[in-house]
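**Student:** with the sequence up front, the predicted model follows.
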Amino acid sequence: MAEVCFKNKSNFHPDPDKDLAGSWKKGQIVATDEDGAEWRPTLFPIAFVLLKIPGVPASFFSKYKEGYRRFVAFNVDATNVATDSATITASVTNKTAIRKIGGLRLNQVLGFLEHFGATNISVTNGDVTFDISVTDFVKAPAKWPAPGLVITELAYRQVSGEHDFKVDHSAITGVPVARKTAVLEKFIANHNGVILGHDATSVNFTYTRAEARARIQAALKDTVESHSVVQRRFHLKPEAIDAIAAAGGIMTATKQQFLNNIINVADT
């Protein structure tokens, strides 16, 4: 017989990011064990409740302690060819985005967007909308492998969508010019830029609009999703927790009764 311990009351932290990431919530499975496990009786039903399920091993409940992340989809709401910029909305794909982006450390995401040159950032119902231009993205310090680089746009051809840039590395001292040039040219090539040439202080390259926009969304997607929080996927229904608590904090149920009262919160 399995014994499954659930949180009876939700914990809360005043910092919403910490609350989302680390606070136990009512109905989450805290621990599982086999029949006869030594539980502290004083825990029930004040902080926890215990459900005993005959004929089912504790290992069956391992999957109900799994976590999940929410993932992000991007929608380009508008574009401006003259400035080669776009208004983009980021939404969580599976269900609602702060609740809906519930699952994202919002402050970190907003900080990241600013770091990558995004402007006019707003949050509505958990959807994050922002403006970003190819020029600002390419020039953003966060994109480059070392501090002290100065990136200047030399030309922008609207019809082809090509941007020419110069990366000035003269402020970085103590590194041979050949080494700085090699590192920068490799970095640019790895990001699908086209090298135009170099001199003793800088490297020139071209970046296309299509490539830049693809890189913008890839970088944002990777970073936003890395800031999503792993949350417990399954909760026991609040009314089931209340019923166990009302019975003194310990109750016996069938496997089917358990299954009828478990919620997959990733679908809510």
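**Tutor:** Sure, I can see it. Numbers count the residues shown, from 1 in each chain.

**Student:** just list the residues touching residue 184, thanks.
**Tutor:** Neighbour list for residue 184: 145, 149, 167, 169, 198, 203 [criterion: Cβ atoms under 8 Å, 6 or more residues apart in numbering]. Using the backbone N, CA and C atoms, a C-beta is placed for each residue, glycine as well.

**Student:** of all the residues you listed, which two lie farthest apart?
**Tutor:** 145 and 198 (15.7 Å; Cβ to Cβ).

**Student:** which one of those two is surrounded by more residues?
**Tutor:** residue 198 (20 against 9; other Cβ atoms under 10 Å).

**Student:** in which helix or strand does the residue nearest to the more buried one when sequence neighbours are not counted reside?
**Tutor:** Leaving aside its sequence neighbours, residue 198 sits nearest to residue 181 (Cβ to Cβ, 6 or more residues apart in numbering; 5.1 Å). In the assignment (DSSP states H and E), residue 181 maps to helix 177-190.

**Student:** for that helix, which positions count as buried?
**Tutor:** By 16 or more other Cβ atoms under 10 Å, the buried positions in helix 177-190 come out as 180-181, 183-185, 187-188.

**Student:** can you pull out the low-pLDDT segments for this protein?
**Tutor:** Counting by pLDDT under 70, the chain shows low-confidence ranges at 15-22, 68-72, 92-109, 125-126, 220, 223-231, 266-268.

**Student:** quick one, longest helix in it?
**Tutor:** helix 209-226 (DSSP state H).

**Student:** other SSEs contacting that one?
**Tutor:** strand 72-80, strand 85-92, helix 106-115, helix 134-139, strand 162-168 (3 or more Cβ pairs under 8 Å, 6 or more residues apart in numbering; DSSP states H and E).

**Student:** now render those as CSV, adding distance to residue 13 and mean neighbour count.
**Tutor:** Formatted as CSV, the helices and strands packed on helix 209-226 follow (distance: least, Cβ to Cβ, whole Å; neighbours: other Cβ atoms under 10 Å):
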stretch, distance to residue 13, mean neighbour count
strand 72-80, 24, 13
strand 85-92, 21, 20
helix 106-115, 14, 16
helix 134-139, 34, 21
strand 162-168, 43, 19
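
**Student:** could you find the closest non-adjacent residue to residue 240?
**Tutor:** residue 261 (4.1 Å).

**Student:** what do you get for residue 47?
**Tutor:** residue 8 (5.8 Å).

**Student:** surely that neighbour and residue 249 touch.
**Tutor:** Yes - Residue 8 is in contact with residue 249 according to Cβ atoms under 8 Å; the separation is 7.5 Å.

**Student:** now the common contact residues for the two.
**Tutor:** Taking Cβ under 8 Å, 6+ apart as the contact rule, residue 8 and residue 249 both touch 44-46, 48-49.

**Student:** any of these buried? List them.
**Tutor:** 44-45, 48-49.

**Student:** quick revisit: list the contacts for the residue nearest to residue 240?
**Tutor:** 236-237, 239-240.

**Student:** can I get those residues in a markdown table with distance to residue 38 and neighbour count?
**Tutor:** Formatted as a markdown table, the contacts of residue 261 follow (distance: Cβ to Cβ, whole Å; neighbours: other Cβ atoms under 10 Å):
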| residue | distance to residue 38 | neighbour count |
| --- | --- | --- |
| 236 | 22 | 22 |
| 237 | 28 | 14 |
| 239 | 29 | 9 |
| 240 | 24 | 22 |
